[in-house]
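Visitor: Fold the stuff below for me.
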Amino acid sequence: MRLKTDGFHRGKKPKASKIDVAFYILLAVIISIFTVILLFLLLWGFMTSLKSKNDFEMHGSISFPFIDWGDWSNPMASNYEFFQFKNYGIIFKNFVFEELNMSWYVGNDLVSHYRENIGFFDMLMNTLIYAGVGGLIVSVVPAITAYLTSKYKYKISTVVNVVFTLMLSIPIVGALPSELTWLRQLGIYDSLWGNFLRFFSGAGMYYFVYYAFFSSISDTYREAAEIDGANDFTVMFRIYFPMAIKAIGTVFLIQFIALWNDWQATMLYLPTRPTLARAVYEMSLSKSDIGTGQEKFLLQATPFKITASMILAIPITIIFVAFRNKLMGNVSVGGLKE
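Guide: Below is the predicted model of the structure:
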């Protein structure tokens, strides 16, 4: 007696149902709409950043930069400015805080900080240190702590869990006055090092993510390594952390992007050490402190504001595209069953 075989067993692909077809069509439409909107915003921002102030006012915002194709030798022609990215050069040169000052009391003593001529590269360095070190603290410190408390069940592990739970329960707004007070009392207010201490309070959320991650990995790896003579540091950094590298990289990337674009905290905790994000925010105000002399009024034009935003967005976009496959991905791991 011969059994009947369907198309699947004969090597033919099963036919997609109407529900499957509708799902893929809907998914394609959603992705297409999202992609078109995103590309439009990026293209509009880039094209607007290439316009002069007069070009933007005369031809509007939804248009390509005006190019006079008949005169290539005249430096004043719009085509000459277009291919030299003149707006970007003006931003690099005039993206300057002429002066910033901040005063506060520590007891009865008045403390004042004053800085002047803070240029683009000064703000870029502040941004890289602020986002880079902050991202490392928030991604690495809770990972190490979570590994130790999940794999070594000491009494202090319970205390650490309680501490991180309390860190999550403290409201951010309610913590601001106390943070400002102790930073000023310790003499580390308006300093990058003092600001780094704040990042430890934001590590609580990721601590529990890492804790669940390391708890899901079998202890058989550690036991086998210890039999081969590996010490605790070798087990942690040569066995378990390579398994968690994509999880740690994902957290770092998220925090780096968030801190790169953070202007509120830097205005509050680093009043005389501005970052690029703060400078871009200052440019959006009707009365800005960015620029020197007559250039301060020129930078109030919309094309220059968009140019500054593009300068802030382009590096972080390149970093994300370049490292997303190495840092982000499937963070699940396999293990030996106990």
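Visitor: pLDDT weak spots in the stretch 51-200 of the chain?
Guide: Applying pLDDT under 70 to the stretch 51-200 of the chain picks out residues 57, 59-61, 63-84, 169-175.
Visitor: how about the helices of it, start to end?
Guide: Secondary structure of the stretch 51-200 of the chain, counting by DSSP state H, counting those that start in this stretch: helices at 53-59, 78-84, 86-94, 120-151, 155-169, 172-185, 192-201.
Visitor: Redo those as TSV? Include distance to F304 and mean neighbour count.
Guide: Backbone N, C-alpha and C define where each C-beta goes, glycine included. Formatted as TSV, these follow (distance: least, Cβ to Cβ, whole Å; neighbours: other Cβ atoms under 10 Å):
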stretch	distance to F304	mean neighbour count
helix 53-59	8	15
helix 78-84	13	16
helix 86-94	6	18
helix 120-151	13	19
helix 155-169	41	13
helix 172-185	33	12
helix 192-201	28	16
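Visitor: can you pull out the helices in the stretch 201-338 of the chain?
Guide: 204-215, 220-227, 232-235, 241-260, 264-269, 276-284, 295-298, 302-327.
Visitor: So which of the ones you listed is nearest I118?
Guide: helix 276-284 (8.9 Å; Cβ to Cβ).
Visitor: buried residues in the closest one?
Guide: 276-283 (16 or more other Cβ atoms under 10 Å).
Visitor: Now do that helix: which elements does it pack against?
Guide: Counting contacts by 3 or more Cβ pairs under 8 Å, 6 or more residues apart in numbering; DSSP states H and E, helix 276-284 packs against helix 120-151, helix 264-269, helix 302-327.
Visitor: Highest mean neighbour count out of the helices of the stretch 201-338 of the chain?
Guide: Burial of the helices of the stretch 201-338 of the chain is given as mean neighbour count (mean count of other Cβ atoms under 10 Å); helix 276-284 ranks first at a mean of 21.
Visitor: ok, back up a step: least reliable of the helices of the stretch 201-338 of the chain by average pLDDT, please.
Guide: Of all the helices of the stretch 201-338 of the chain, mean pLDDT reaches its minimum on helix 295-298 (a mean of 71).
Visitor: Pull the residues that contact that helix.
Guide: 53, 90, 94, 288, 290-291, 304 (Cβ atoms under 8 Å, 6 or more residues apart in numbering).
Visitor: quick one: which of the residues you listed is nearest R238?
Guide: Within the contacts of helix 295-298, the smallest distance to R238 is 48.6 Å, found for I290 (Cβ to Cβ).
Visitor: what sits against that closest one?
Guide: 94-97, 279, 282-283, 296, 299.
Visitor: hmm, back to that, list just the nearest of the buried residues of helix 276-284 to A146.
Guide: Closest approach to A146 among the buried residues of helix 276-284 (Cβ to Cβ): A277, at 29.7 Å.
Visitor: wait, what's in contact with the closest one?
Guide: 127, 260-263, 266, 312.
Visitor: do the same with S150
Guide: With Cβ under 8 Å, 6+ apart, S150 has these contacts: 157, 211, 214-215.
Visitor: To D190, which of the helices of the stretch 201-338 of the chain lies closest?
Guide: helix 264-269 (7.4 Å).
Visitor: what packs against that closest one?
Guide: So helix 264-269, by 3+ Cβ pairs under 8 Å, 6+ apart, packs with helix 172-185, helix 192-201, helix 276-284.
Visitor: Give me the angle between the first one and helix 192-201.
Guide: With axes from the mean of the first three to the mean of the last three Cα atoms, to 10 degrees applied, the angle from helix 172-185 to helix 192-201 works out at 150 degrees.
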